[in-house]
Every structure is written in C-alpha cells, then in structure tokens.
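1. Next comes the sequence, and after it the predicted model I'd like to discuss.
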Amino acid sequence: MKDWQPKILAILCNWCSYAGAGLAGVSRMQYPPNVRVIRIPCSGRVDPLFIMKTLQSGFDGLLVSG
Amino acid sequence: MSSKSKSALIIGAGIAGIQASLDLAEMGIKVHLIEETSTIGGRMPQLDKTFPTNDCSMCILAPKMSECARHPNIQIHIKSKVETVTGDPGNFIAEIIEEAKYVDPVKCVACGLCEEKCPVKVADEFDIQLRKRGAISRYFLQSIPSEYTIDKEKCLYLTKGVCRLCEKVCSAEAINFDDKDKKIKLKVGAVIVATGIDAFDPIGFGHFGYKRYKNVVTSLEFERMLSASGPFGGHVVRASDNVEPKSIAFIQCVGSRDESIGHDYCSSACCMFAIKEAIIAKEHMKGLKPSLFYMDIRAFGKDFDKYYEKAKGQYGVEFIKSKVSDITETNKGNLKLRYVLENGDIKFKDFDMVVLSIGLEPRKNIRELAEKLDIKLNEYGFCRSDAFTPLKTNREGIFVCGASNGPKDIPESVVSASGAVAEAIKYLKLERQELQEKKVVEKDVFGERPRVGVFVCHCGINIAGVVDVKDVAENAKNIANVEHSEDLMYACSQDCMNTIKERIEEHNLNRIVVAACTPRTHEPLFRETISEAGLNPYLFEMANIRDQCSWAHMNEPELATEKSKDLVNMGVAKARDLIPLKRLPIDINPQALVIGGGLAGMTAAQSLAVAGYEVFLIEREKELGGNLQNIYFNFGKDPQKLLRDTIEETSKNKLIHIYKNSEIKKIDGYVGNFTTTFVNKSTGKEKQFEHGVVIIATGAEEHKTEEYLYGKSHRIVTLVEFEEMLYEKKFPGRKPKNVVMIQCVGSREEGKMYCSRICCTKAVKNALELKRLVPKVNIYIVNRDVRTYGFREKYYTELRDKGTMFVHYEPENKPQVKFVDKSDPDSKINVTVFDPIMDKEVVVTADLLVLSVAVDARKGNIELGKMLKVPLNEDGMFMEAHVKLRPVDFANDGVFVAGLAHNPKDMDESIMQAKAAASRALTFITKKAILAEGTITEVNEDRCSGCGYCEIICAYKAIEVDKEKEVAVVNEALCKGCGACVASCRCGALDLRGFSNEQLFASFEALDLVDVLGK
C-alpha cells in the first residue's frame, strides 16, 4: 500500500475551475498526475448521480469545483 | 452627411479599444485595431484582481481578447502607429506604420524556446522591471497575438550583427531577420482614440524615497507582487530581505490632487485600487496590518462603499485621514512615516513596507498623436472633450474613449468605448446582416456507427517534450471505434487542419477527438475546421494534454503520458455518443424600446435613430426630460439648453415614436422578439408593439428624508430645491450670510451603504454659484469625504481658495440641527458639529441649511425587473451582467441599462452610458437573425411530471411548465446550457445536449481503473 496512489476524478466548471486547471498548467505549477479532468458547462450540471457513478466506476476520490 | 464608410480605425487595444472593436465588428463594420505594443490587452493584464468583486483581471479579460482576435471583422495591427489621418469624416485616409516583428506570425507557435536561448536579458515592462525577458519575447504569457516578436533595439544581431541563436533553435523556422517596417494606408469612416493612460512615476518625490528605499514600491509594482502569475508567484516579500512584511502603509494621492506638479485632478481609481490591494494582501498574509493614509476616500462607484466598509470591518484595514510628509528608512529596511493629522498633530509610525498609490496621467506620447490627428488636449494633457459631448474631440469624425480623455476605471472605460462607437456610426455604413450561410453541406451521420478520428498534437515541444505523443496516438488505435489516429506537429496550424479535413474524407470519420491544448481557446477553431469538412461542429471533443499533462507534470513524463492516454480514452468515450446539434436561428425584430424619457433615454433613442432604427420611447410623466429638468448649473455649461435641445431633437426625429404619460403593463418574449403592452395614464387606452431590444433608462429619484428637521422650515432645503433657489435668485429672508450644507443625508449608512456620487460635486457647483451671487457668504460644507473625482477636483480647489469651510464628520457623530427660536416660523438654524481641524465643537447659525440627500432607486424597478427577467442589486438599482466588462448588458440578452437606473451618475456619464446601451443594442438589431446555442436542455415529455422544479432553478427563465400539457418547455433562445435544471430534475426527464448523462457517464467509465488499483 505504500506506493498506492488514489485515482481522482475532477469535475470542473468550464468558466472557472477548468480555466483554473489551465492556468495551473500555463504557470507550470506541478501537481500529482493521478487526477483526471472532466469539463462541464457549470457546476450546477453535477447530478448526485455523477458522484455515485464515479465511485462505482472505481475512482477513489472526486473533486467537484465550480 | 457627405459620405459613409464600412471601416473604422481604433487606436489603442486596451480594454476600451477592444470593446469598441468588438461592438463595431458585431455591427458588420471592418475594424482596424492599432496597437503600439506587441499584444492587445492594455493595462488590465497587469492587474491581479479587480474591485469590488475581486475577480481575477486576466480571467475576465482573456475571453474578450480571444473574441477580438478571432473576429473576422477585426484586423489587429500590433507594433503599429498612426502617422497621419487626412480627409473628411466618413472618408478618412489613415497612414499606419507597422514595425518589423522579425518573426513570421503564421509560422510561430509560441513555444518559447527562442526566448529561453536568447542571451540578452532586458528588464521587463510588463512586470515593471521586477523580472527579465529576452530580446525576443512576448509581452506576457497570454499575449494575443501569441507569437513572439523581436525588440530591435535590444537584439544582438540587429544591433551588433552577431548571434542569430533564436533562428537556430526555432523548429518552426519562424524567425525572419529580413522583416521590414511597413507603411499601410487605410480608408476609414471614423477614428476612435483609446490610447489609455500612464501611471505616475514617483521618482521625483524624494521625500517618499522611491527607488532609494528598497521597501517602497508603487501600487502597480505591488499589484505584480500580488499576482500569482507575477514575478514572485503571488508571494509578497520585501526586496531588502525577502521576508514577508508584517505591516504595510498605503499612501494615497501620490501624483494626484497635487497642484505643485500640475495634477489638480483626482485619478478616480486609486482609492479603490489601494483598498483592493490591502484586502488581497491581507488574504495572502493573515497577520498583516495594512494602513491607508488618505485625504478623502473616494469610493464613489457602484457597490464601492460596501467594499470600503468590508475593508474596515472584516479585514481590519486601518484608515488614517492625514497627509504623509516624508518617509525615512530606519534599521534593516524598515520605514518610518511622518504624517500630519487634520488637527495639525504630527505623528510617526513604523512600517515594514510602503506602497505609493500612484495616480494616472496622460500617455507620454499623447501630444505627438494629438498633433498627428489634429485634436486638442486639455489643461492636464488628456484629450479634450466637453461635459455634454464627452466622447467627441474637436475634430469631426474622431472620437475618444477610455482614460485617454480623463481618469476612468475599467467599467467606465468599457462604457465610454461602446459610447464612442455610437458616435462613430454616424460616419459608418450600417447594413442589416444576414446569418452567415454554411459553405459546406453537412453530412448526415445519423444511424452510422461511430468512426472516431484521433489527432494528437505535439505543440512543438510543449507537449512532445514531456508526453510521448507517438505512444499516445498509437495507443488510441486500440480504442473501440477509433478508425484513425495520428500525431501532428501543430494541430492548429493551417496545414495540419487541412490534414484533419483530408483524413475525415479519407476514412469517412464522423467523430473527431483532438488531444492538444485547451478547448477554451481552440475548440471554436477545430469545430470550424470539421464543419468545413462537412461534419456537424458538435461532433468534436478535445483532450487537454498540454495544460493538464505536459505542463503540469513536467518531471514525470511517463505518468504524464499515461494520463494523456486516459484523457484521450475519456474523450473518445464521450465522442462516441455525441450527436449532431442544431443551432436554431432566432429572428431579430429591428425596432427598439426605450423605457424612460430623461437625458439617458432620449440620448439612447437618438443614437439608435441615427443608425436608422425605429424606437419606441415611453415616458411615464407628461413631459420628457426626467431629472434633467431640475438641473440649472454645470460649471459654465447650461443644462437647461441641453434639455431643450435634446427634447427638440428627439421630438422631431421621425424614427422616434414618443409616448408620454404612459406606463408599461406587460413585456413578453426574449431577445429579438419582445411584445410590450403599455397604457396611456389619462385615457386608459392600451397599445401594443413588437420590438427586438429594450433599454432601461428609468432614472432615479431624490431621497425623502426626515432627518435634520427637513420639512419643518423653508430654510431647510434639499440640493435640488437649493439649485432652483439659485436659479430664481430667491433666498429665504435677505441675502444669506451663513449657509450650511450637510452631505450624505441618506447615503453611506446602515441599510443604504452606497455613495450617491453626484452630491459632492453638486454641492461644490452650487456653492460656487452662490459665491458668485453673494461673494461675502460663508459656506460650511459638512462632509464625510469630499468625492469630487476626476477633473471635478479643480472646482473643489477653487471653492476652497474662495474661503469655504469643509468640516469632516463621522456617522457616529452627525451634526445636530436646532432652531434658534422654536416659536419663530422664520427662525434661523443652529448647526452644531465637531470640527476635527479646530478639535472642538462649533456652532454655526445658518440662514439656510442645504441637505445633500441621497439618490434613491425607483420603486418601480422591482416590477420592471420582473417583467424583463433582470436582477436588481440590494439597493434596488439594476444589476448589470458583469460589473467590470458588461456594464450596460444583462445576463438576459437583448436588455440594456443606462443612466441613473444603473447607479447614481453625472450628466456626462449618463450620456456616455446611454450611447453605450444604444451601441450594445445595435450589435443585436443590426443582425437579421442570431443563432441560439446548440448545447441546450431537452425535455423527454413522457417522463416529465410537470413539477416545475426546473422552472425555479433556472437563472435565465429559460424553462417553463406548459400549464395545459403539464410538461416543461425549454425556450431555446434563452437557454444558456448550464445544465442546472438537468441536475434538479427528479424524473430524469431533462438532459443537456452535448453534455448528456450518457456522454458524461461514458467518460467516467472509460478508464480501466481496476488495472490501476492492481498496480
């Protein structure tokens, strides 16, 4: 378990957090590579079902940001 | 009018120039945007945050910049200068010099390798010399155009004939040392000057020790320090020892309100700028003690006072009303401030760091430009314009906006830019624009199995330097339904886009995934490309493997490659389920409704009529004119003449249909298709008409006060009543000896925490008029802060020179008002107030007490807001779409606001905003139709129970339950595709096209996570 890395899904709003993830890249801010990003038009789009589906699909963690 | 042209020239590509360009371009005018530096954007990119919302400056500007760059009607000329403008309005010839850039903009992909290798290091202007750049560089990270340019004065090869290193490292072969300056001639109908301002250089102020003491910085330098993308990554440290400061002093009015340097004007923005910096600094460093040394806090804009109060309360910023006389460095770079309080006491205080709030001044080269354009400058060296024609220069056909004719903050610049456009269109040929027809017939892919094409971009070395791009492309071939996969050097370059089109043809691809940079900038481009190849533009998905992989995981190339594969996998999974979407055309009715016949309403109506559009102007009262009817003086200009002229011109214009004494009953519809019912108040007759846009110009009203014995004596009057007295030259009793004015009556207090903006200037204006009539009168202006912003400061100085007393009070210690003799109805009034200068209570026996009462929002705003589905702020004023960059628009398209209905403002500001609203409205009605978004909500009627939950949730009022069918119905014109209703639906009846549940779930489930867990 020592080397185990959680696999995280980030559901990000196109207008703020997704842009923020872009800015982090542009600014060359380094962060762990075990996060996968999904872009949505607004964090209002996030249905509780998304959270269950994500965890069911095998992700260890979920970040909703908007 | 002699002639009109289809093109316009805009000089300066800051936020004002960008806004003016976009407005004109949307009206179908070809715009030449001239910019001296190598990028558009102006001052805004240098700012970290913007007040009063703390929005990130670059984040709000970037979409406007890229819109400007992408717009087919805008041609950007960087590194360019205007040489001459000859000819007549409507038919100018402008001669432009475009400097050599030495980099081919078509080939350059902005990888940055050249700058890395450039041996020359130059102090960088963007980061105010806090950082170094190369002789080949771009102005800042998100510069537009993004291509690099060479600084010919700094380049080793161009100055000494050696080096050419950039040429060797550029794999795109973009360097071109043979490039030459170009002279071009442009035919334009109108010119808009938007050259902006410079920041004052405090180097001459020896007593503040700037550049002598390391820890004294300017507010602009401090802004760069606060910025996360700045030279210190947002970590504020002292230059002397790299230690975080524990206390910071902000010194206001450095280079403003200072007659000694010829700057007898207020820079208008610095108070808020400093308060913002104090708040942001405090957010960065929790224990920080910020102090602000000021003469008056001029928080006169919309919602500014709330921000000021927040700084005092929540953030504990200390505000010290004083004048700082000098700064000395004590030990270890610490600084000692000597300052004088109002009562004359001299105090000392130690700080770790000092920020000088530097003022705004005219551009260094404005004189040169003014000579070339043959336009005049004012006494301070800003472009000259008049109070009632605030956007005109002395030369017909040349207009001015932004801060080039006086200090302005961002929203004021944006307003003036749109306003200048409304002036310019008199000389421009506006034609109603057809919807752009599709050039290529769209292929019907319905029923076809998905045939996905994957294109993985190297982005030079930006992606390929870290991610194994070939491996990612190879791997994609194993994903189900992927017909074709390949890697491309620069997917966005013209030749690679042609490759994509060819592959679509060759492999009969019907879904495209591009793994490259961010869809926020590049999705429109690729969508356009695939649509040229006959695919519906919505059959496209992007995987962002640059920003999220190669740049974010530079030291972990293998994991970055793995992540890229996953992102491509997720992209393909979503792409499989994508369906073609249609953007429905919405027809636009070209007629406009203007609500309110005051100065703003009439001005807006005229601007629309000048462009050739029909206007319905509805006025509630029997006469046109609104609040302007009560204004008699304006520093030598005659507002009553303005009133008469405006009414006459409006009334005789055949395109303007005026309905006085009328009230609006109902407004239905949406952008392009409104139906309004109104009623004549005396006849009760109803009338209805259809229109495409609405401008709200309903004004505001004088606050009704019961404070200070108002209403109990003819000697106690409001500002408006006093102005009428001055005009009639009739005062209570004989000529007044002592007159007291109390400011902020009903403004800036609990429950009404806003500044009414105009009362300080009005008080000064009326006091000057009274002094003229009765030179011996003693005037006492009892105030909280004197907010005579911009060039109004001059009159404040004049009034002080004439011997007027300004007495400061705090709301906890309001002046006391009593009759000298209660039994006498003609009694004079004793006003008791604590005078901080004398340091004691003083009593003035006044012949006349003038109350500067607040500007209140109209009560009817609530009802009107509901009809038009637009919001109000907590003070009841209409709330624009964005306080900085969309100051006259609403989130709801097709509705605009101008004048006092938006916020208290002066006449010149109302005129500008009215013209701006007209101009924004024209961007819609100059089109015969617009396209609704494709990514909108759809309703599965069989599942919908008609519960109406979605209707409550929708911020745009775009979904409604059909009462008869009992199912939700989406208004495709209003839906913004946020998907909030979809998440709220309890029956699963709603889904969002382009981001459907099915598509998103496919993305989540695309990854083989079991495998990862196993590792």
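-> Perfect, thanks for sending it.

2. use CA for all of it now, contacts and neighbours both
-> Fine.

3. Quick check: phi and psi at the residue nearest in space to the middle of chain A.
-> Nearest to the mean C-alpha position of chain A, counting by CA atoms, centre = their mean, stands residue A:10 at 0.8 Å. Backbone torsions for residue A:10, taken as degrees, to the nearest 10, come to phi -110, psi 120.

4. Residue in the stretch 201-350 of chain B with the shortest distance to chain A?
-> At 6.5 Å from chain A, residue B:229 is the closest residue in the stretch 201-350 of chain B, using CA to the nearest CA.

5. so what's that residue up against?
-> Under the criterion of CA atoms under 8 Å, 6 or more residues apart in numbering or on different chains, the neighbours of residue B:229 are residue A:27.

6. Helix, strand, or coil at it?
-> coil (DSSP: H, G, I helix; E, B strand; the rest coil).

7. Next one, pLDDT for it please.
-> Residue B:229 is assigned a predicted lDDT (pLDDT) of 76.

8. now it: how far from residue B:549?
-> 19 Å (CA to CA, to the nearest Å).

9. Up against chain B, what does chain A have?
-> Chain A has residues A:4, A:7, A:14, A:19, A:21-34, A:36-38, A:40-48, A:50, A:53-54, A:57-59 near chain B, with proximity defined as CA under 8 Å from any CA of the partner chain.

10. Quick check: closest non-adjacent residue to the most centrally placed residue in chain B.
-> The centre of chain B sits closest to residue B:885, judged by CA atoms, centre = their mean, with a distance of 2.6 Å. Closest residue to residue B:885 apart from its sequence neighbours, by CA to CA, 6 or more residues apart in numbering or on different chains: residue B:411 at 6.0 Å.

11. number of nearby residues for the one you found?
-> By the criterion of other CA atoms under 10 Å in any protein chain shown, residue B:411 has 20 neighbours.

12. My guess is it contacts residue B:881. True?
-> No: using CA atoms under 8 Å, residue B:411 makes no contact with residue B:881, being 11.6 Å away.

13. Where does pLDDT dip in the chain?
-> Picked chain A for this. A:1 (pLDDT under 70).

14. could you do chain B instead?
-> B:1-2, B:438, B:1008-1015.

15. quick check: domain ranges of it?
-> In the domain annotation for chain B, the residue ranges read B:1-99+B:181-197+B:360-431, B:101-180, B:200-347, B:452-576, B:590-693+B:860-868+B:890-899+B:907-917, B:702-856, B:936-992 (automatic domain parsing).

16. Show me what the helix or strand where residue B:833 lies packs onto, helices and strands only.
-> Assigned by DSSP states H and E, residue B:833 belongs to strand B:829-835. Packing partners of strand B:829-835 (3 or more CA pairs under 8 Å, 6 or more residues apart in numbering or on different chains; DSSP states H and E): strand B:816-819, strand B:840-846.

17. between that strand and strand B:840-846, how many degrees?
-> Orientation check (axes from the mean of the first three to the mean of the last three CA atoms, to 10 degrees): strand B:829-835 against strand B:840-846 gives 160 degrees.

18. What strands line up against strand B:829-835, and which way round?
-> If you go by DSSP bridges, strand B:829-835 pairs up with strand B:816-819 (antiparallel), strand B:840-846 (antiparallel).

19. Please, which helix or strand holds residue B:408?
-> Using DSSP H and E, residue B:408 falls outside every helix and strand.

20. mind checking how far it is from residue B:362?
-> 12 Å.

21. Which parts of chain A are helices?
-> Ranges of helices within chain A are A:17-26, A:48-56, based on DSSP state H.

22. would you list those in JSON lines and tack on mean neighbour count?
-> Output for the helices of chain A, formatted as JSON lines (neighbours: other CA atoms under 10 Å in any protein chain shown):
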{"stretch": "helix A:17-26", "mean neighbour count": "20"}
{"stretch": "helix A:48-56", "mean neighbour count": "14"}
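
23. And those helices: which comes nearest residue B:186?
-> Ranking the helices of chain A by proximity to residue B:186 (CA to CA) places helix A:17-26 first, at 37.0 Å.

24. hmm, who's touching that closest one?
-> A:12, A:30, A:39, A:65-66, B:141, B:518, B:520, B:546-549, B:551-552.

25. ok, back up a step: check contacts around the residue nearest to residue B:885.
-> Applying CA under 8 Å, 6+ apart, the residues near residue B:411 are B:883-887.

26. Let me know the helix or strand that it is in.
-> Assigned by DSSP H and E, residue B:411 falls in helix B:410-424.

27. Wondering if stretch B:506-522 reaches chain A at all.
-> Yes: using CA under 8 Å from any CA, stretch B:506-522 reaches chain A at B:518, B:520.

28. need the residues of chain B near chain A, please.
-> B:141, B:229, B:518, B:520, B:546-549, B:551-554, B:559-560, B:563, B:566-567, B:977-984, B:995, B:1001, B:1003-1005, B:1009-1010, B:1012-1013, B:1015.

29. how about stretch B:674-686: buried residues?
-> B:674-676, B:678-681 (16 or more other CA atoms under 10 Å in any protein chain shown).

30. From the chain's centre, how far out is that stretch? Work that out for me.
-> 36 Å (CA atoms, centre = their mean, to the nearest Å).

31. now do the same end-to-end measure for that stretch.
-> Per CA to CA, stretch B:674-686 runs 16 Å from first to last residue.

32. Next up, the contacts around residue B:430.
-> B:6, B:27-29, B:611, B:926.

33. Chain A versus that one, what's the distance?
-> 33 Å (CA to the nearest CA, to the nearest Å).

34. Surely that residue is within a strand?
-> No: going by three-state DSSP, the assignment for residue B:430 is coil, not a strand.

35. can you give me the helices in the stretch 51-200 of chain B?
-> Secondary structure of the stretch 51-200 of chain B (DSSP state H, counting those that start in this stretch): helices located at B:57-70, B:113-117, B:156-160, B:165-169.

36. who's in contact with residue B:504?
-> B:453, B:510, B:533.

37. mind running it again at 6 Å?
-> Shown in contact with residue B:504 (CA atoms under 6 Å, 6 or more residues apart in numbering or on different chains): no residues.

38. buried set for the helix or strand containing it?
-> Residue B:504 is part of helix B:494-507 when elements are defined by DSSP H and E. The neighbour-count check on helix B:494-507 (16+ other CA under 10 Å) flags B:496-498, B:500-501, B:503-504 as buried.

39. same deal with stretch B:108-117?
-> B:108-115.

40. Now do the end-to-end distance for it.
-> Across stretch B:108-117, first to last residue, CA to CA, it's 16 Å.

41. and if you look at stretch B:545-561?
-> One end of stretch B:545-561 to the other measures 9 Å (CA to CA).

42. And for stretch B:508-526?
-> 17 Å.

43. How far off centre is that stretch?
-> 30 Å.

44. I would like the residues contacting that stretch, please.
-> By CA under 6 Å, 6+ apart, the surrounding residues in contact with stretch B:508-526 are B:451-457, B:539-546.

45. Kindly recompute the last result at 8 Å.
-> Stretch B:508-526 is contacted from outside by A:14, A:19, A:22, B:66, B:445, B:450-459, B:463, B:483, B:491-492, B:497, B:503-504, B:530, B:535, B:539-547, B:568, B:571-572, B:575-576, B:578, using CA under 8 Å, 6+ apart.

46. can you tell me which of the residues you listed are in strands?
-> B:452-457, B:483, B:540-544 (DSSP state E).

47. which one among those residues gets closest to residue B:792?
-> For the ones in strands among the contacts of stretch B:508-526, the nearest to residue B:792 is residue B:544 (51.1 Å; CA to CA).

48. contacting residues for residue 35?
-> As the question left the chain open, I've gone with chain A. By CA under 8 Å, 6+ apart, the residues touching residue A:35 are A:7-10.

49. nope, chain B please
-> B:11-13, B:76-81.
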